[in-house]
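Peer 1: Would you be able to build a 3D model of this:
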Amino acid sequence: MLIRVEIPVDAPGIDSLLRGAFGRGAEADLVHRLREDGLLTLGVVATDEEGGVVGYAAFSPVWIGGEDCQWVGLAPLAVEDAFRRQGIAGQLICEGLDMLNEFGYRAVVVLGDPGYYSRFGFIPAARSRLHCRWPGAEAAFQLFPLADDALEGVSGQVEYADPFNQLAL
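Peer 2: Got it, this is the predicted structure:
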């Protein structure tokens, strides 16, 4: 198993993985649009021995009250069924967080299971007076500060890139 930054040749494998993992095309279309619009900050893949994509994590920019605070959102995250429960998703998350930290990003947000993401240090965004546009998502909307002062002077609505507005949650 190799965890690395995605390269152009991975795109078809990522597309196929996302369509299979989510049982629909919305997430694959989302990643395609983010890539096309130059809004894919980081893509991390897990590949098998033959180089096939078996896991993927995408990170794209988010804004707080319309301001670029050097934050990103983690979505989508997927692992092929045959490779689940092996820690691959966790490896993708950790590798992504490490890379983003090295690149100077200040925080990461995610909309997901608090029980799962808290294992990696994500905390409820509501504690910092931050929320997303999707009603009823308060418990699932979480953040991971990469910089010590990432939360200073920020509050309000975290806005994802426009392609997320077309995604049905």
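
Peer 1: thought Gln142 was touching Tyr117?
Peer 2: Yes - with contact defined as Cβ atoms under 8 Å, Gln142 reaches Tyr117; the gap is 5.3 Å. Any C-beta I mention is one placed from the backbone N, CA and C, and that applies to glycine too.

Peer 1: Have a look at the two and say which one is more surrounded.
Peer 2: Gln142 (25 against 22; other Cβ atoms under 10 Å).

Peer 1: which other helices and strands contact whichever strand or helix holds that one?
Peer 2: Per DSSP states H and E, Gln142 falls inside strand 141-145. Packing partners of strand 141-145 (3 or more Cβ pairs under 8 Å, 6 or more residues apart in numbering; DSSP states H and E): strand 107-111, strand 123-124, strand 130-131.

Peer 1: Describe which strands the last one pairs with in its sheet and in which direction.
Peer 2: Each strand pairing with strand 130-131, determined using DSSP bridges, is listed with its direction: strand 156-160 (parallel).

Peer 1: how big is the angle separating the strand it pairs with from strand 107-111?
Peer 2: Comparing the axes of strand 156-160 and strand 107-111 via axes from the mean of the first three to the mean of the last three Cα atoms, to 10 degrees yields an angle of 80 degrees.
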